[in-house]
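Colleague: Could you work out the structure for the sequence below:
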Amino acid sequence: MTKKQDMDKLLKRAINYKGLSDGLDVEYSEELADEDDLEAKGRAEAADQRQKSSKKH
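Modeller: Predicted structure coming up:
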């Protein structure tokens with residue numbers, strides 16, 4: 001299978017996957033955040049920093 005065929009297959013799978021989003025836009029609340037939320041927020045911030053630093057190079 002070629003790389004394009006692999007990517008097409010993954011894209012089709014993602015489009016057909018019904019659980020990608022529930023369609024709700026939920027505001028993040030620091031007051032209501034549990035340990036998992038705080039960990040996810042930290043990972044997201046670290047990923048943002050990596051993206052910003054990789055664009056500078």
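
Colleague: From here on, just use CA atoms for contacts and neighbour counts.
Modeller: Fine.

Colleague: Name the SS class of residue 32, please.
Modeller: coil (DSSP: H, G, I helix; E, B strand; the rest coil).

Colleague: pLDDT (mean, whole number) over the helix or strand containing residue 13?
Modeller: Following DSSP states H and E, one finds residue 13 within helix 3-16. Averaged over helix 3-16, pLDDT sits at 78.

Colleague: Tell me the first helix or strand C-terminal of that helix.
Modeller: Sequence-wise, the next helix or strand downstream of helix 3-16 (DSSP H and E) is helix 35-56.

Colleague: got the CA positions of that following helix in PDB?
Modeller: Extracted C-alpha coordinates of helix 35-56, given in PDB (Å, rounded to 0.1, in the frame of the first residue of the first chain):
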ATOM      1  CA  GLU A  35      -6.500  16.300  38.100                       C
ATOM      2  CA  ASP A  36      -7.000  14.900  34.600                       C
ATOM      3  CA  ASP A  37      -8.100  18.300  33.300                       C
ATOM      4  CA  LEU A  38      -5.000  20.000  34.800                       C
ATOM      5  CA  GLU A  39      -2.700  17.300  33.300                       C
ATOM      6  CA  ALA A  40      -4.300  17.700  29.900                       C
ATOM      7  CA  LYS A  41      -4.000  21.500  30.100                       C
ATOM      8  CA  GLY A  42      -0.300  21.100  30.900                       C
ATOM      9  CA  ARG A  43       0.300  18.800  28.000                       C
ATOM     10  CA  ALA A  44      -1.500  21.200  25.600                       C
ATOM     11  CA  GLU A  45       0.600  24.100  26.800                       C
ATOM     12  CA  ALA A  46       3.800  22.100  26.400                       C
ATOM     13  CA  ALA A  47       2.700  21.100  22.900                       C
ATOM     14  CA  ASP A  48       2.000  24.800  22.100                       C
ATOM     15  CA  GLN A  49       5.500  25.800  23.300                       C
ATOM     16  CA  ARG A  50       7.100  23.100  21.200                       C
ATOM     17  CA  GLN A  51       5.200  24.300  18.100                       C
ATOM     18  CA  LYS A  52       6.200  27.900  18.700                       C
ATOM     19  CA  SER A  53       9.800  27.000  19.200                       C
ATOM     20  CA  SER A  54       9.900  24.800  16.100                       C
ATOM     21  CA  LYS A  55       8.500  27.600  13.900                       C
ATOM     22  CA  LYS A  56      11.300  29.900  15.000                       C
END
